[in-house]
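Asks: what shape does this take:
(chains A, B and C)
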Amino acid sequence: MALPSQILYPGAQQRPQATAHLAQTMSLLGLNAQELNARIEAALAENPALELLEGRHCPSCGRTLRSGASCQACTQAKAQGDEPLVFLAPTDSGFSAEGRSGEELPEDYTGAQPETLGTYVLRQIATELDPLEQEIAAHILTGLDEDGLLTFPLLEVARYHHVPLVVVEEVVQRIQQADPLGVASSSPTEALLVQLKSLGNQAPNAELCAKAIREGMTMLGKRQYAELGNLLGVSKAKAEQIADFITQNLSPYPARAHWGNLGTPNADAPSTYSRPDIAIRQQEDQRLVVEVMWPLRGLLRVNPLFQQALREAPEDKAEQWKLDLEQANLLIKCLAQRNHTIVRLMQILAVLQRHFITAGDAYLKPITRASIADELGVHESTISRAVSGKSVQLPSGKIVPLSQFFDRSLHIRTALKQIIRAETQEGKTYSDTKLARLLEQQGFAIARRTVAKYRMMENIEPAHMRKAQAA
DNA sequence: CTATGGCACGGATT
DNA sequence: AATCCGTGCCATAG
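Replies: Prediction:
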């Protein structure tokens, strides 16, 4: 059954379910992977007709899936010419209609991506460990998910190798010091703390940072700087500074963001603390690969046994069960459509913002959600919901909110920072008025007052302060 | 007098 | 209908 939205919308009167369907699709679209996960878990708990296959096999190709990731090999859709590949999440058995038009991938993906992270880390530390420790390390490293976090408790490892927990913990500590710093932590919080600690006194306000990470993670994620300031007992501006430092220098998912190249000149752009909902990477042949995350470890479907049971249902339950079944089908259908919408959105965005994705902030084109809605033939609010709350990981490793793809001024702000960075090297300081003129030469006609706004957005001090700083 | 930040308005966007 | 954004005007600091 194909499920193009065009068919569902006009048919609303004929299908009494359609309004419910629409309402639910919309509410799901606004959720990010994390929230969706919670939503589905709730549904699983209260609806007996739903079933989660934990086996994590792709319904179409049977490959084993790695946790949380989409099934890359079988659900890819290869667009023609210049367009990027889009890898989808595996959809539910009956509704994998979208995005499967492409031919099979030539190379074997499970082969192309072996346990590189694990072996990479092990190679670094192998010499420091004795044979038993090596074995333990190997055991631990095979248990990493693709974020570089641990998937099982250390106690399990200890029991398996018949050693006290301390020994395992010690090995973990060594691993955490290896290259993706903080790898093999059991939570994003722990990973951040490890990284912070290794920075030592290079980190200003180390204690405050640590406290922010330990107790203020939710605030960090939501950017509630005022609340964070309260927690730490500092001003909002200070809290913002701390959050900035953390986002720029630490990575909650060690295996994801690049840790190595600290030297990136434009070391800002906010990053979100939730796991990305979408990941974009670039292949050697320059093409972009967009991966939409599936929030569950497993396959959600209607329990076939439940369907059977319905036929022999006792009178008093029959009504309720039928309802459950409808609900379950609806949920699955809506999930499929949610995916569909996000994928179509990303297909357009990947083409439109290719330069931004590959080359950085300066190349962001100002586009509006409305224009995308127009192009896709959906309502503006659909795009709004699809964008809100989602985060994307760029090929550079940065995790940014999807809404940044629609930032109207990021490219100008980047140019502004560029000018100011050069300015300090030449020993000059430009006033806002001069900055406005300089930007105009680059083709950005903005008012002097706006320059000031942008400066503040980027936490750049006014001209006279910068002058003092340079001296 | 110059450089900035605050406030608020109007138009665009969501 | 609510929110965001660029700007102009005005007060204040240097």
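
Asks: got the residues of chain A near DNA strand C?
Replies: With Cβ under 7 Å from any atom of the strand as the criterion, chain A meets DNA strand C at residues A:407, A:408, A:409, A:445, A:446, A:447, A:448, A:449, A:450, A:453, A:464. C-beta here means a position set from N, CA and C on the backbone, and glycine is covered the same way.

Asks: contacting residues for the residue lying closest to residue A:449 once chain neighbours are set aside?
Replies: Residue nearest to residue A:449 in three dimensions, not counting chain neighbours: residue A:432, with 7.9 Å by Cβ to Cβ, 6 or more residues apart in numbering. Shown in contact with residue A:432 (Cβ atoms under 8 Å, 6 or more residues apart in numbering): A:448, A:449, A:451, A:452, A:455, A:462, A:463.

Asks: and the residues you listed, which of them are in strands?
Replies: Among the contacts of residue A:432, the subset assigned to strands under DSSP state E is empty.

Asks: can you list those in JSON lines and add distance to residue A:357 and pLDDT?
Replies: Below are the contacts of residue A:432 laid out as JSON lines (distance: Cβ to Cβ, whole Å; pLDDT from 0 to 100):
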{"residue": "A:448", "distance to residue A:357": "32", "pLDDT": "92"}
{"residue": "A:449", "distance to residue A:357": "31", "pLDDT": "92"}
{"residue": "A:451", "distance to residue A:357": "27", "pLDDT": "93"}
{"residue": "A:452", "distance to residue A:357": "30", "pLDDT": "92"}
{"residue": "A:455", "distance to residue A:357": "26", "pLDDT": "90"}
{"residue": "A:462", "distance to residue A:357": "33", "pLDDT": "87"}
{"residue": "A:463", "distance to residue A:357": "34", "pLDDT": "87"}
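
Asks: just the buried residues of these.
Replies: Neighbour counting by 16 or more other Cβ atoms under 10 Å classes A:451, A:452, A:455, A:463 among the contacts of residue A:432 as buried.

Asks: of the residues of chain A next to DNA strand C - the most surrounded one?
Replies: residue A:407 (19 neighbours; other Cβ atoms under 10 Å).

Asks: centre of the chain versus the helix or strand containing residue A:374, how much separation?
Replies: Residue A:374 is part of helix A:369-376 when elements are defined by DSSP states H and E. Centroid separation for helix A:369-376 versus its chain: 23 Å, with Cα atoms, centre = their mean, to the nearest Å.

Asks: and the residue of the stretch 1-150 of chain A found nearest DNA strand B, how far is that from residue A:36?
Replies: Residue of the stretch 1-150 of chain A nearest DNA strand B, by Cβ to the nearest atom of the strand: residue A:30 (10.8 Å). To residue A:36, residue A:30 is 10 Å away according to Cβ to Cβ, to the nearest Å.

Asks: which neighbours do those two have in common?
Replies: Common neighbours of residue A:30 and residue A:36 (Cβ under 8 Å, 6+ apart) do not exist.

Asks: more neighbours, these two?
Replies: Comparing residue A:30 with residue A:36 by other Cβ under 10 Å, the one with more neighbours is residue A:36, at 21 against 18.

Asks: tell me if I'm right that that one and residue A:293 touch.
Replies: No - Residue A:36 lies out of contact with residue A:293 (Cβ atoms under 8 Å); the separation is 9.5 Å.

Asks: follow-up on the earlier one: residue A:445 versus the residue nearest to residue A:449, what's the distance?
Replies: 15 Å.

Asks: one more: residue A:44?
Replies: Taking Cβ to Cβ as the measure, residue A:44 falls 54 Å from residue A:445.

Asks: closest residue of chain A to DNA strand B?
Replies: residue A:463 (2.6 Å).

Asks: show me what contacts that residue?
Replies: A:429, A:430, A:431, A:432.

Asks: let me know the secondary structure of the spatially closest residue to the second one that is not a sequence neighbour.
Replies: Using Cβ to Cβ, 6+ apart and skipping the chain neighbours, the partner closest in space to residue A:430 is residue A:423 (5.7 Å). Assigned with DSSP: H, G, I helix; E, B strand; the rest coil, residue A:423 falls in the helix class.

Asks: and if you look at residue A:395?
Replies: Assigned by three-state DSSP, the conformation of residue A:395 is coil.

Asks: what separation is there between it and residue A:406?
Replies: The value you get for residue A:395 to residue A:406, if Cβ to Cβ is used, is 19 Å.

Asks: ok, the two, which is more surrounded?
Replies: The neighbour comparison of residue A:395 against residue A:406 (other Cβ under 10 Å) goes to residue A:406, with 22 against 16.

Asks: let me see the contact set for the more buried one.
Replies: Residue A:406 makes contact with A:366, A:367, A:368, A:369, A:387, according to Cβ under 8 Å, 6+ apart.

Asks: tell me the confidence at it?
Replies: Per-residue confidence (pLDDT) for residue A:406: 93.

Asks: backbone dihedrals for it, please?
Replies: Main-chain dihedrals, residue A:406, degrees, to the nearest 10: phi -110, psi 20.

Asks: now residue A:289
Replies: Torsion angles, degrees, to the nearest 10, at residue A:289: phi -120, psi 120.

Asks: how close does it sit to residue A:234?
Replies: 42 Å.

Asks: same question for residue A:29.
Replies: Relative to residue A:234, and taking Cβ to Cβ, residue A:29 is found at 38 Å.

Asks: now for the contacts of residue A:406, which pair is the farthest apart?
Replies: Farthest pair in the contacts of residue A:406 (Cβ to Cβ) is A:366 and A:387. Separation: 14.8 Å.

Asks: so for these two, which residue has more residues nearby?
Replies: Under the criterion of other Cβ under 10 Å, the comparison of residue A:366 against residue A:387 puts residue A:387 first, with 21 against 11.

Asks: looks like that one contacts residue A:402 (just checking).
Replies: Yes - applying Cβ under 8 Å as the test, residue A:387 and residue A:402 come out as touching, 5.0 Å apart.

Asks: now the farthest one out in chain A, which residue is it?
Replies: residue A:315 (46.9 Å; Cα atoms, centre = their mean).

Asks: quick one: pLDDT of that one?
Replies: 78.

Asks: now do the contacts for it.
Replies: Neighbour list for residue A:315: empty [criterion: Cβ under 8 Å, 6+ apart].

Asks: now it: how far from residue A:152?
Replies: As judged by Cβ to Cβ, residue A:315 and residue A:152 stand 46 Å apart.

Asks: buried ones in stretch A:380-392, by neighbour count?
Replies: Using 16+ other Cβ under 10 Å as the burial criterion, the residues of stretch A:380-392 that qualify are A:382, A:383, A:384, A:385, A:386, A:387, A:389, A:390, A:391, A:392.
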